[in-house]
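>>> fold the following.
(chains A and B)
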Number of protein chains: 2
Amino acid sequence: MLGLDPDPADLWTGAEEIPDGLTPREAAGRAVLAHCRSLIDATAHACVAIKPQLARFEVLGAAGWATLAEVIAHAQQAGLLVIADGKRGDIDVTAGAYAGALFAGIDTPYGHVQGLGADMVTVNPLMGADAIEPFVRAARQTGAGVLVLVRTSNPGASDFEDLELVGSGTLWERIAEMVDELGRANVGEQGLSDVGAVVGATVPAHLARARELMSSATFLLPGVGAQGGRIEDLAPAFEPGRAGGLVTASRSIAAAHRTAGGEPAAAARAEAERLREAAWTLSDRIVRAG
Amino acid sequence: MLGLDPDPADLWTGAEEIPDGLTPREAAGRAVLAHCRSLIDATAHACVAIKPQLARFEVLGAAGWATLAEVIAHAQQAGLLVIADGKRGDIDVTAGAYAGALFAGIDTPYGHVQGLGADMVTVNPLMGADAIEPFVRAARQTGAGVLVLVRTSNPGASDFEDLELVGSGTLWERIAEMVDELGRANVGEQGLSDVGAVVGATVPAHLARARELMSSATFLLPGVGAQGGRIEDLAPAFEPGRAGGLVTASRSIAAAHRTAGGEPAAAARAEAERLREAAWTLSDRIVRAG
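Sure thing, here's the model as predicted:
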């Protein structure tokens, strides 16, 4: 999967390609849009989804949100799914508003206001079940899914997620149990539920345990590439089948030309194809062995 | 403090006040802006800050972000501080982008893109110190502050935040210790640091313990009013002085006319004045006794 994490200071699009007379906000939005479109065009055949990082669009304000909607439309035209990575988490009505923003939108006295139309969203579970459930309910209305942060890929994940609880297990394992419980009500024909988990690819030892606790969850696997995770170590993610694991890479695709040389689009295409091959080879081996 | 949580289906502004010919998104944005301006005008003299709930603006997409910027400008003209309640939390570069969006903005090759100019933001600490620190660094550049979720006011808070850890204490107490540590580097003349805490007003028993663990933190106290919290129970929040506790109410102010009767603006003004009186009386009593 293609992570979209566009830094206006590090885009394929040069400033010379942006028309004059725009505000900095509008110009940066245009440049980000052109960059994301080129990245999608270069890699769509080797990806199943894009994962836009909401922060990078939010920092451009209204222009960023308009850009995000256009990037999503472009990805959907290319047949890709959309995973909105915002890690939102808040109570009842507030979570409902976030879910409206990311999925189907909301009805207002002025007519229906469309949401981003995401197929999956990432959710932060710290505040408890009532911060997750509004997303799950909204997802079920459009056949979408939710990916709950369970064990993230960053160094700070050990600060709280790895803490040992009285009565055995860690905080992340307790979160995993809730993910399993919330998803049990809706397991599809392929054995996968609509409540998945974000499990970092940087600590492979956690993957087997996570799969034990969440047998029907789709795993979003950040941390491959720039953060040090290797596809070869992700076998437990694919136990339910090829769709059980979603490998996501951002910087290693967008910046592939820095290490591999050549033109950015060609290098990104080659890196996306390499990642797809590695993931498919691994998942085929597991499915045949299973 | 005035919480701004505008539901397009429940505004003071009637649909008849919005010009024809707008898209649903634009019309809802206009109506939300008019509502928030009226609320601010009615209560500014009795408040120190507004706390916009980002989800309610995000659900209107680009129009929502444009509306939010206008609401903030209106509040700043009225001399109010702005607490952007988005509960963001993500790693390094991503947290930096969120901080840019909410505080001072970012520099791009196209010029400086302004942020929302918030004075404080709420942050979700689940992913650990590296999800909080970029916000603290960005806040220090503009003299702003960060409010970390420690023990929230919702029923689901007990699912994870209250879990007992091996080695004594709960998860929220461990988070409180990190808040104290992060804030110690920057305690001002009034004895308050720039890293504060969100501590729900719904479980007053937690407040004394939270103050013990975070002696110099500003407490944002949600849950007064509609969620059942009472100002009279918040004494420990004000131990460092009047600014130690920020009482926030949204629905009880905006919907005061439903229970008190009369015109919405007058009822909101009266309720905001009542809350201010109660908070000041309490904090004065504590400061005199201390």
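>>> longest helix of chain A?
For chain A, the helix that runs over the most residues, judged by DSSP state H, is helix A:264-289.
>>> that helix - contacts with which helices or strands?
If contacts are counted by 3 or more C-beta pairs under 8 Å, 6 or more residues apart in numbering or on different chains; DSSP states H and E, helix A:264-289 sits against helix A:24-43, strand A:245-247, helix A:251-254, helix A:256-260. Using the backbone N, CA and C atoms, a C-beta is placed for each residue, glycine as well.
>>> what's the angle from it to helix A:24-43?
Interaxial angle, helix A:264-289 versus helix A:24-43 (axes from the mean of the first three to the mean of the last three C-alpha atoms, to 10 degrees): 50 degrees.
>>> and helix A:264-289, what's buried?
By 16 or more other C-beta atoms under 10 Å in any protein chain shown, the buried positions in helix A:264-289 come out as A:264-265, A:267-272, A:274-276, A:278-279, A:282-283, A:286.
>>> okay if I get the helices and strands packed on helix A:264-289 as JSON lines plus mean pLDDT, mean neighbour count and distance to chain B?
Formatted as JSON lines, the helices and strands packed on helix A:264-289 follow (pLDDT from 0 to 100; neighbours: other C-beta atoms under 10 Å in any protein chain shown; distance: least, C-beta to the nearest C-beta, whole Å):
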{"stretch": "helix A:24-43", "mean pLDDT": "97", "mean neighbour count": "22", "distance to chain B": "3"}
{"stretch": "strand A:245-247", "mean pLDDT": "91", "mean neighbour count": "25", "distance to chain B": "18"}
{"stretch": "helix A:251-254", "mean pLDDT": "92", "mean neighbour count": "23", "distance to chain B": "9"}
{"stretch": "helix A:256-260", "mean pLDDT": "92", "mean neighbour count": "15", "distance to chain B": "16"}
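>>> which of those sits closest to residue B:103?
Residue B:103 sits nearest to helix A:24-43 of all the helices and strands packed on helix A:264-289, at 15.7 Å, using C-beta to C-beta.
>>> after that closest one, which helix or strand is next?
Later in the chain than helix A:24-43, the nearest helix or strand by DSSP states H and E is strand A:49-52.
>>> pLDDT on the helix or strand just after that following strand, on average?
Scanning forward in sequence from strand A:49-52 by DSSP H and E, the next helix or strand is helix A:54-58. In this model, helix A:54-58 has an average pLDDT of 98.
>>> and the next helix or strand along the chain from helix A:54-58 with helix A:24-43, angle?
Where DSSP H and E defines the elements, the next helix or strand beyond helix A:54-58 is helix A:61-77. In terms of direction (the same axes, to 10 degrees), helix A:61-77 departs from helix A:24-43 by 20 degrees.
>>> wondering if helix A:61-77 reaches chain B at all.
Yes - Helix A:61-77 is in contact with chain B by C-beta under 8 Å from any C-beta of the partner chain, via A:61-66, A:69.
>>> list the buried residues of that helix.
Buried residues in helix A:61-77, defined by neighbour count with 16+ other C-beta under 10 Å: A:61-72, A:74-75.
>>> of the residues you listed, which pair is most distant in space?
Most distant of those, by C-beta to C-beta, are A:61 and A:75, 21.7 Å apart.
>>> care to break chain A down by domain?
Using automatic domain parsing, the domain parsing of chain A gives A:1-79, A:144-290.
>>> least confident of those domains, on average?
In terms of average pLDDT, domain A:144-290 trails the rest of these, at a mean of 91.
>>> neighbouring contacts of the helix or strand hosting residue A:198?
Counting by DSSP H and E, the element that carries residue A:198 is strand A:195-199. With contact meaning C-beta atoms under 8 Å, 6 or more residues apart in numbering or on different chains, strand A:195-199 is reached by A:120, A:122, A:132, A:136, A:145-152, A:176, A:179, A:182-183, A:186, A:206-207, A:210, A:214, A:217-222, A:237.
>>> so among those residues, which ones count as buried?
A:120, A:122, A:132, A:136, A:145-152, A:176, A:179, A:182-183, A:206-207, A:210, A:214, A:217-222, A:237.
>>> restrict the residues you listed to those near chain B?
Restricting the buried ones among the contacts of strand A:195-199 to those near chain B - C-beta under 8 Å from any C-beta - leaves A:149, A:152.
>>> now, the buried ones among the contacts of strand A:195-199 that are in helices?
A:132, A:136, A:176, A:179, A:182-183, A:206-207, A:210.
>>> on that earlier part again, closest one of the buried residues of helix A:264-289 to chain B?
Of all the buried residues of helix A:264-289, chain B sits closest to residue A:264, with 16.6 Å by C-beta to the nearest C-beta.
>>> right, and that closest one touches residue A:271 too?
No - under the criterion of C-beta atoms under 8 Å, residue A:264 is not in contact with residue A:271, lying 10.5 Å apart.
>>> mutual contacts of those two, please.
With C-beta under 8 Å, 6+ apart, residue A:264 and residue A:271 have common neighbours residue A:256.
>>> and the closest residue to chain B within the stretch 1-150 of chain A, how far is that from residue B:59?
Residue nearest to chain B within the stretch 1-150 of chain A: residue A:128 (2.4 Å; C-beta to the nearest C-beta). Distance, residue A:128 to residue B:59, by C-beta to C-beta, to the nearest Å: 22 Å.
>>> what about those two, which has more around it?
Shown here are residue A:128 and residue B:59; by other C-beta atoms under 10 Å in any protein chain shown, residue B:59 has more neighbours (25 against 21).
>>> give the contact list for the more buried one.
A:97-98, A:100-101, A:105-106, A:113, A:115 are the contacts of residue B:59 under C-beta under 8 Å, 6+ apart.
>>> how about a cut-off of 6 Å?
Neighbouring residues of residue B:59 by C-beta atoms under 6 Å, 6 or more residues apart in numbering or on different chains: A:97, A:100-101, A:106.
>>> repeat for residue A:286
Contacts for residue A:286 (C-beta under 6 Å, 6+ apart) come out as A:235, A:238.
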